[in-house]
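got a sequence here, can you model it:
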Amino acid sequence: MRDHYDEVTAAGAEVVAVGTGDARYAAAFVAEERVPFPVLVDDEGAAATAAAVHKVNFLTLLFDPRSMKGAVRAHRAGFRVKKSGRRVNQLGATFVLGPGSVVRYAHVDAHTADHAPLTDVLAALPA
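Numbering: from 1, shown residues only. From the prediction side, this is the model:
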């Protein structure tokens with residue numbers, strides 16, 4: 001999303017990331033990755049629970065071939081895990097919300113390498 005942040009804000013929207021980990025790690029991540037949008041910390045999982053975002057068991061986390069392929073792609077692209085939060089098995093999700101309480105788009109990851117297609121996210125933004 002960092003590389004498309006200008007497109008998102010030009011559409012009148014804002015990006016907010018919610019992740020695991022502690023506040024110090026989040027601040028370091030924002031600085032190192034030059035993240036231009038707010039990053040909130042939810043290491044207790046309240047936001048994930050409220051949004052019905054699932055966890056995977058540790059065997060699936062380690063041995064799911066889809067996750068393994070995703071990890072290899074991410075590593076080749078230069079991404080590295082520096083410090084994880086307490087919920088390393090928490091899956092992710094992407095939502096486009098509002099205005100108001102309208103859910104314009106929702107993608108809940110099915111496995112660790114599953115992510116919302118950026119084209120779908122951008123298409124869900126207000127015109």
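
strands along this structure, start to end?
Here the chain has its strands, by DSSP state E, at 17-19, 39-41, 93-97, 103-108.

show me the contacts for the nearest residue to Phe95 once chain neighbours are set aside.
Leaving aside its chain neighbours, Phe95 sits nearest to Ala106 (5.3 Å; criterion: Cβ to Cβ, 6 or more residues apart in numbering). Every residue, glycine included, has its C-beta placed from N, CA and C. By Cβ atoms under 8 Å, 6 or more residues apart in numbering, the contact list for Ala106 reads 93-96.

do the same with Leu40
16-19, 26, 47.

who's in contact with the closest residue to Thr112 other than its chain neighbours?
Ranked by Cβ to Cβ, 6+ apart and with sequence neighbours excluded, the top spatial neighbour of Thr112 is Ser67, at 4.1 Å. Listed by Cβ under 8 Å, 6+ apart, the contact partners of Ser67 are 60-61, 111-113.
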